[in-house]
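Q: model this:
(chains A and B)
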Amino acid sequence: MVKKATKAARGRVVSMMDAAHLIGRHRNTLMKWLSEGAPAVAQPGDGGGPEWQIDLGALLDWYAARKVAEERGRLEARHAAETERLRQALEAADSDPSPGPISRSEALRRRAVAEMRLKEIELEERDGRLIPIAAMTRIIVTLFHGVKAWLLGIPSKIAVELAAETNPRECHRIVEDALHEAMRQIADGEAAGLAVEQILAEASAGR
Amino acid sequence: MSGYLIRAEADAFLAELAVSLPREAGRRLVEHAPELAKILRAEGFESFERHWRATVDSIVSELEAEALARLRALEVAGSA
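A: Numbers count the residues shown, from 1 in each chain, chains lettered A, B, ... in the order given. Predicted coordinates for the structure are as follows:
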């Protein structure tokens, strides 16, 4: 696609070879892009010389727009089936021919469910992020191991005090106090092996 | 376990679990305190420790199964 360069763009116009060098792509790649619709200021034989003349700014804009379109297409293809099903559900809810108290309520419910799911898909598309259940499972198992290890450490900590105590009520109190202290420390993230912040950071990083 | 979760929901679930898990595990363990203290007095520390471990194992397994079931419920439809 040959387009005359604006005055502002003239300073960015370079030859094909220079463009390839500047953006680090092979000349053949640029030729392919041109055949796919990438913009050029002049082509060989246009009177401007024997070489392609390319506005680098326009070329990069075209490339970015194409990448965005590709990504959008990929996401749309991924969700096409579900989005279509939800659209049909919304249409069915909108065109319910007998809107009595129950059917209208059902139609509204279906609309709410469909809209909620569409919002979720939009959010997922915008953020582009899901996390595998398997990764979350590993994180949760780690969390449980931390809690378990801490609770299993309690008996040895109260052994001396308990051994010297014969009053059943006092034994009970010692155990309860130890549990409460362990719970407090765990809740505060003080327990060894229970680095909650780290676990959350790993989850956020998509582990 | 295959399938995917929406990141924001997974983060919220994990944050809630990190706070509620120790509290709930401790609460359930406290319920066993009288019985464990009785074992300590009657059978000595080794038996007490053994029963303590068995109780903790049981509670943690129970809570872990509950948490994983809740996690599975958050799965994005059709992602498995």
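
Q: now do the strands in chain B.
A: Using DSSP state E, the strands assigned to chain B run over residues B:4-6.

Q: where in it is pLDDT low?
A: By pLDDT under 70, the low-scoring segments of chain B are B:1-2, B:77-80.

Q: the longest helix in chain B is where?
A: Longest helix in chain B by number of residues (criterion: DSSP state H): helix B:45-73.

Q: pull out the buried positions in it.
A: Buried residues in helix B:45-73, defined by neighbour count with 16 or more other C-beta atoms under 10 Å in any protein chain shown: B:45, B:48-49, B:51-52, B:55-56, B:59-60, B:63-64, B:67-68, B:71. Backbone N, C-alpha and C define where each C-beta goes, glycine included.

Q: which one of the residues you listed sits closest to residue A:174?
A: Residue A:174 lies nearest to residue B:48 out of these, by C-beta to C-beta, at 11.6 Å.

Q: wait, the closest one touches residue B:35, no?
A: No. Counting by C-beta atoms under 8 Å, residue B:48 does not reach residue B:35; the two are 10.4 Å apart.

Q: any idea how far residue B:55 lies from residue B:29?
A: 6 Å (C-beta to C-beta, to the nearest Å).

Q: tally of neighbours for the closest residue in space to residue B:59 that isn't next to it in sequence?
A: Leaving out its chain neighbours, the residue that sits closest to residue B:59 by C-beta to C-beta, 6 or more residues apart in numbering or on different chains is residue B:28, at 4.8 Å. When neighbours are defined as other C-beta atoms under 10 Å in any protein chain shown, residue B:28 has 16 of them.

Q: tell me how far residue B:28 lies from chain A.
A: 10 Å (C-beta to the nearest C-beta, to the nearest Å).

Q: which residues does that residue contact?
A: Neighbour list for residue B:28: B:59, B:62-63 [criterion: C-beta atoms under 8 Å, 6 or more residues apart in numbering or on different chains].

Q: could I get the host helix or strand of residue A:148 in PDB with only the CA atoms?
A: Residue A:148 belongs to helix A:133-152 when elements are defined using DSSP states H and E. Provided in PDB are the C-alpha atoms of helix A:133-152 (Å, rounded to 0.1, in the frame of the first residue of the first chain):
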ATOM      1  CA  ILE A 133      -5.900 -24.900  39.200                       C
ATOM      2  CA  ALA A 134      -2.900 -27.200  39.500                       C
ATOM      3  CA  ALA A 135      -0.600 -24.200  40.400                       C
ATOM      4  CA  MET A 136      -3.100 -23.000  43.000                       C
ATOM      5  CA  THR A 137      -3.400 -26.500  44.400                       C
ATOM      6  CA  ARG A 138       0.300 -26.600  45.000                       C
ATOM      7  CA  ILE A 139       0.200 -23.200  46.800                       C
ATOM      8  CA  ILE A 140      -2.700 -24.300  49.000                       C
ATOM      9  CA  VAL A 141      -1.000 -27.600  49.900                       C
ATOM     10  CA  THR A 142       2.100 -25.600  50.900                       C
ATOM     11  CA  LEU A 143      -0.100 -23.400  53.100                       C
ATOM     12  CA  PHE A 144      -1.600 -26.500  54.700                       C
ATOM     13  CA  HIS A 145       1.800 -28.000  55.300                       C
ATOM     14  CA  GLY A 146       2.800 -24.800  57.100                       C
ATOM     15  CA  VAL A 147      -0.200 -24.800  59.400                       C
ATOM     16  CA  LYS A 148       0.200 -28.500  60.100                       C
ATOM     17  CA  ALA A 149       3.900 -28.200  60.900                       C
ATOM     18  CA  TRP A 150       3.200 -25.400  63.300                       C
ATOM     19  CA  LEU A 151       0.400 -27.200  65.100                       C
ATOM     20  CA  LEU A 152       2.600 -30.300  65.400                       C
END
